[in-house]
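S.K.: quick one, what's the 3D model for this:
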Amino acid sequence: MQDPIELSVLADFLNTANKASYADKAVEHSASLRPGSNDYHVVVGDLTYHDTYFGPRDFVGEEIVYLKDKPIWGVNYFGYILDDAMDKDDVYNFLREALLSDAGDALPVRGPREFIEGDWSYRFSWKGDLANFTAGEEILLKDKVVYKCSLHGGFIR
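M.R.: Model prediction:
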């Protein structure tokens, strides 16, 4: 079956959209029709990216990419902080730094394979490609895992 969009075009768009949404703390949320959700909306040409998630600390969410208003790709995710004593702002400010950094050859849905800043480190791993994948990310503080996120996604046909 033919992909609804070339993987390289989708990858470039996701790199742009991801850095123009949650990762950038200065970007404002979009209006939402779902009570309690946080939403981001990015449009570039015929492509639209919509991210919606629930929860300020432990969260669940979904990103959808539309081509000419038709949903063609998506990812679902669930992330959480393991230690109730951890300050969520510290964890998520570091996560944003990782997500804004150069992802290199990583699957363009989150951050790079690894990002280190002082005592903090971020790791991202995946199986598959943008057409069909599972992935996970972790944040460690002084070599102790303090945050995890699981993701899965691919083309919508």
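S.K.: so what's Y80 closest to, chain neighbours aside?
M.R.: Nearest-residue entry for Y80: D58, 4.0 Å, with adjacent residues in sequence omitted and distances by C-beta to C-beta, 6 or more residues apart in numbering. All C-beta spots, glycine's among them, are computed from the backbone N, C-alpha and C.
S.K.: how many neighbours does the one you found have?
M.R.: Other residues within reach of D58, judged by other C-beta atoms under 10 Å, total 13.
S.K.: and the gap between F13 and D51?
M.R.: With distances taken as C-beta to C-beta, to the nearest Å, F13 is found 13 Å from D51.
S.K.: check which helix or strand the closest residue to R123 other than its chain neighbours maps to.
M.R.: When the adjacent residues along the chain are set aside, R123 lies closest to E138, with 4.9 Å between them (C-beta to C-beta, 6+ apart). E138 is part of strand 132-141, with elements assigned from DSSP states H and E.
S.K.: can you list phi and psi of the residue nearest the centre of the chain for me?
M.R.: With distances taken as C-alpha atoms, centre = their mean, R110 lies nearest the centre of the chain, 4.3 Å away. Main-chain dihedrals, R110, degrees, to the nearest 10: phi -140, psi -120.
S.K.: and for Y147?
M.R.: Residue torsions, per degrees, to the nearest 10, at Y147 are phi -150, psi 140.
S.K.: that one against E138, yeah?
M.R.: Yes. In this structure, Y147 is within contact of E138 by C-beta atoms under 8 Å, at 6.6 Å.
S.K.: follow-up on the earlier one: burial of the residue nearest to R123, as a residue count?
M.R.: E138: 15 surrounding residues under other C-beta under 10 Å.
S.K.: so which residues of the chain form strands?
M.R.: Listed in chain order, the strands found in the chain under DSSP state E are 37-44, 47-54, 59-67, 70-81, 114-117, 120-129, 132-141, 144-155.
S.K.: the last one - contacts with which helices or strands?
M.R.: In terms of contacts (3 or more C-beta pairs under 8 Å, 6 or more residues apart in numbering; DSSP states H and E), strand 144-155 is packed against strand 70-81, helix 88-100, strand 132-141.
S.K.: reformat those as a markdown table; add mean pLDDT and distance to V43.
M.R.: Conversion of those to a markdown table gives the following (pLDDT from 0 to 100; distance: least, C-beta to C-beta, whole Å):
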| stretch | mean pLDDT | distance to V43 |
| --- | --- | --- |
| strand 70-81 | 99 | 14 |
| helix 88-100 | 97 | 20 |
| strand 132-141 | 98 | 24 |
